[in-house]
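Trainee: Fold the following, please.
(one chain, ligands or ions: 1)
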Amino acid sequence: MSDLKLLINGNLVSGERQIDVVNPATEKVFLQSPVASIRQAELAIASAKEAFPSWSQTPLNERQKKLNLLADKIRSNANELATALVKEQGKPLQEAAAEVLYTEAFMRYFASHSLKSELVQDDEDYQIEMHYKPLGVVVGIAPWNLPLLIGLNKVGPAVVTGNTVILKPAPSTPVTTLMIGAMAQEIFPPGVINIITDKNDLGAYLTGHPDVAKVSFTGSTATGKKVAQSALSSLKRLTLELGGNDAGIVLDDVDVTAVAEKIFAGSFMNCGQVCIALKRLYVHESQYDEMCNALADLAEQTDVGDGMRNGVQIGPLQNEMQYRKALDFMEIGRRDGNIIAGGTVPEYPGFFITPTIVRDIDDASVLVNQEQFAPILPIIKYSEIDEVIQRANHSEYGLGGSVWSSNIDRAKAVAAKIDSGTVWINHHLHFGPNIPFCGAKESGLGVEFSREGIAEFTQRSVISVAK
Ligand code: NAD
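Mentor: Take a look at the predicted model:
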């Protein structure tokens, strides 16, 4: 972890610039990360371009083997990666360990997949096949909330389908991504995987570069729109996974005690900093008080602190800017509703706020109608099911959502009316490499994971033979 390098053209190199990496649990700089210059970004793109012809012709089983070797290295360095993840990102060690495990599992899934050509038509007139060809140079850009998993989920499908890639993590979480660079350097031919970091200033350069064929971006909707604009000049292929404001709708027939814990976990994982976290909870008036009290109890019992300490369940916000935003949202909650748990800032250093439950609040509050990305859950009362569906859908976002009920058919009927990429029933936040992941409306463009997501890293190409 101490000697971080960029990976450019198969070489581990120092950055021409540097950045302080802050541990959000202490607010102290814990190491310096190399940062690429524009010249180094250009070199990374040039080396990916140069490596493409040979890598795209490398047999699929060889590419799969190399991705599996990377998964092996992730496993054998799992403890070190998890510890580094806690320090750079802030999440509790068990969540960091889970992110590492997930990353390994996703890589193995991508490595096991092959997009075979398909026979579209075969009759006396024509034989028509559809093939999947790699696109060329792919740029992957990741945010700071799940830096390892989200970053690698761009690299895995890109390289297994025969593309070469440049991955750029967020400036505040470069560490684990650069550690992966050192592992990839021992496995992949020069230029196939390049890893560079920035000071939030290379994204536009990378996504607008004429030699880049595809951008896979995860981050905020505002930045996603900029990415789309800069990709437009050469009509690059785009996958955008953006913001969300997931609604949870609790029908009037739940066992409150049984579901409250799951709702709490779906909302407060990673300190609420998950695109698909449950960010606003609608509860039927008949169970409103009971649910508010159950969630407030859970919030009060939560152990908040440095993710390296045993037993901690919620760490700090990842960076100072997000922390300031969270404090603003907390004050909005105080102004627009009643805080019944949390709402305080611990006296020790770190970007901490206590998990906060806000009741007696309505949709007009920005804590409800915007993405808070913080450990603050607004609970809103409703009386009519049709009306609450409308309110849940009244958002520019459409990433996830959940319905909670003891009657699955009833829940499914509601789920079918929610305008989002995923709707969970009696859980929230579950995702996996085999499950298509996508955002509706301004939550994204395209699909990640699954066969469909992998295919987004390819060009469909039809060969039509006249008989
Ligand atoms: P962000 O948009 O500020 O930054 C994301 C990445 O984009 C960073 O690496 C950043 O350096 C880079 N970037 C900044 N300006 C750029 C530009 N002009 N062109 C290209 N890249 C640029 O987002 P964030 O604050 O790091 O992450 C939080 C947001 O990400 C939230 O809105 C969250 O919902 C969203 N998110 C979405 C998903 C998903 O899968 N849908 C997953 C995680 C996070």
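
Trainee: A142 and the ligand: what is the separation?
Mentor: Separation of A142 from the ligand (C-beta to the nearest ligand atom, to the nearest Å) stands at 6 Å. Yep, even glycine has a C-beta here, placed from its N, CA and C like the rest.

Trainee: cool, and H430?
Mentor: Using C-beta to the nearest ligand atom, H430 is found at 14 Å from the ligand.

Trainee: Provide a list of residues in contact with that residue.
Mentor: By C-beta atoms under 8 Å, 6 or more residues apart in numbering, the contact list for H430 reads W424.

Trainee: gap between the most centrally placed residue in the chain and the ligand?
Mentor: The structure's the chain has its C-alpha centroid closest to I150; by C-alpha atoms, centre = their mean the separation is 4.9 Å. According to C-beta to the nearest ligand atom, I150 and the ligand sit 6 Å apart.

Trainee: what's that residue sitting at in phi/psi?
Mentor: As for I150, its main-chain torsions (degrees, to the nearest 10) stand at phi -70, psi -40.

Trainee: just checking, it touches A142?
Mentor: Yes. Between I150 and A142 there is a contact under C-beta atoms under 8 Å: 4.5 Å.

Trainee: State whether K66 and Q185 are indeed in contact, as I suppose.
Mentor: No. Using C-beta under 8 Å, K66 makes no contact with Q185, being 11.9 Å away.

Trainee: neighbour-wise, which of those two wins?
Mentor: Between K66 and Q185, K66 has the larger neighbour count (other C-beta atoms under 10 Å), namely 21 against 17.

Trainee: quick one, what contacts that one?
Mentor: K66 is in contact with V159, I187, F188, counting by C-beta under 8 Å, 6+ apart.

Trainee: now with 10 Å?
Mentor: Counting by C-beta atoms under 10 Å, 6 or more residues apart in numbering, K66 touches W55, T58, A111, V159, V160, A184, I187, F188, P189, V192, I193.

Trainee: These, buried ones only, as a ChimeraX selection?
Mentor: In ChimeraX, this line selects whichever of those come out buried by 16 or more other C-beta atoms under 10 Å:
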select :55,58,111,159,160,184,187,188,192,193
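
Trainee: Can you tell me which of the contacts of K66 is nearest the ligand?
Mentor: Each of these was checked against the ligand using C-beta to the nearest ligand atom; the closest is I193, at 17.0 Å.

Trainee: Pop out the phi and psi values for that closest one.
Mentor: Here is the backbone geometry of I193 (degrees, to the nearest 10): phi -120, psi 120.

Trainee: In this structure it contacts T164, no?
Mentor: Yes. With contacts counted by C-beta atoms under 10 Å, I193 reaches T164, the gap being 7.5 Å.
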